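>>> My questions are about this predicted structure, shown below with the sequence.
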Amino acid sequence: MTTLTTAAEQTPEQTPALTVTAVPATLPPLDSVAGSGLGLASRETRSQQHPAWAPRQRPLDETTMTERAQAEHRREEERHVRSLARIVALACVEAELGLRSARQLSAWLDLATYQKMIRRADLAQRIRATRSDGPSAAPKALGARACRLGQDAYEASATVQMPDRARAMALRIEKHRNRWKVTALELG
């Protein structure tokens with residue numbers, strides 16, 4: 001017959017030993033579990049591979065961060081220059097058509113280019129006075145492209161849709177005193 005002993009009656013020598021199993025710090029990678037058939041990947045394989053569920057840590061050094069910041073700054077600058085080219089092209093065509101005062105272009109153009117646009121708008125107004133054309137529909141900017149030439153210079157092109165045709169404009173945009181200005185333009 002066997003006798004049962006309670007926990008109070010047991011001596012330290014009779015206490016059963018507890019077994020502790022080691023829990024891995026990370027879960028096994030999903031690709032090693034799937035590739036091993038039964039999920040029995042060796043411990044060496046698990047420790048050598050990066051877990052598939054964990055994001056990879058890339059070292060972030062200062063050069064990478066500054067390069068990323070500079071690239072983002074260039075992209076933002078190019079977006080701004082394209083937008084400026086589109087706005088100026090549309091405003092110049094509107095000034096030629098008499099839909100906008102040419103004086104409004106002074107904020108975007110440097111002095112020589114501004115004087116050229118004033119003369120062009122005056123000539124267009126004289127030609128319109130001799131003709132008896134009715135008011136035309138408002139032009140619409142279709143798009144613009146920009147190409148970086150240097151640290152503070154871009155060449156851009158823009159297209160403006162008019163009721164009867166499309167017009168293209170080439171612009172040179174430079175930075176003066178932290179402000180972008182059109183220093184040359186050709187309107188086709």
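Structure received.

>>> Spell out the residue ranges of the helices in this protein.
30-35, 43-48, 62-97, 111-130 (DSSP state H).

>>> can you redo the ones you listed as CSV with distance to Thr159, mean pLDDT and mean neighbour count?
Glycine gets a C-beta too; all of them are placed from N, C-alpha and C. Supplementary listing: these in CSV, determined by distance: least, C-beta to C-beta, whole Å; pLDDT from 0 to 100; neighbours: other C-beta atoms under 10 Å:
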stretch, distance to Thr159, mean pLDDT, mean neighbour count
helix 30-35, 50, 52, 13
helix 43-48, 57, 53, 11
helix 62-97, 8, 91, 16
helix 111-130, 18, 90, 14
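
>>> can you list these in TSV and add distance to Ala138?
Formatted as TSV, those follow (distance: least, C-beta to C-beta, whole Å):
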stretch	distance to Ala138
helix 30-35	59
helix 43-48	67
helix 62-97	8
helix 111-130	15
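
>>> Out of the ones you listed, which is closest to Met162?
With C-beta to C-beta as the measure, helix 62-97 is the member of the helices of the chain nearest Met162 (7.1 Å).

>>> can you state the direction angle for the closest one and helix 111-130?
In terms of direction (axes from the mean of the first three to the mean of the last three C-alpha atoms, to 10 degrees), helix 62-97 departs from helix 111-130 by 30 degrees.

>>> Can you say which of the helices of the chain is nearest to Leu187?
Between those, helix 62-97 lies closest to Leu187; by C-beta to C-beta that is 5.9 Å.

>>> one step back: Met169: which of the helices of the chain is closest?
Closest among those, using C-beta to C-beta: helix 62-97, at 4.3 Å.

>>> Which elements pack onto that closest one?
helix 111-130, strand 140-150, strand 153-161, strand 166-176, strand 179-187 (3 or more C-beta pairs under 8 Å, 6 or more residues apart in numbering; DSSP states H and E).

>>> Send over the last one as CSV, restricted to the C-alpha atoms.
If I follow you right, that is strand 179-187. Extracted in CSV, the C-alpha atoms of strand 179-187 (Å, rounded to 0.1, in the frame of the first residue of the first chain):
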residue,chain,number,x,y,z
ARG,A,179,13.0,85.1,-53.2
TRP,A,180,12.5,83.4,-56.6
LYS,A,181,12.3,85.8,-59.5
VAL,A,182,11.9,85.3,-63.3
THR,A,183,15.0,86.8,-64.9
ALA,A,184,14.2,85.8,-68.5
LEU,A,185,11.2,84.6,-70.4
GLU,A,186,10.2,83.8,-73.9
LEU,A,187,6.6,83.5,-74.8
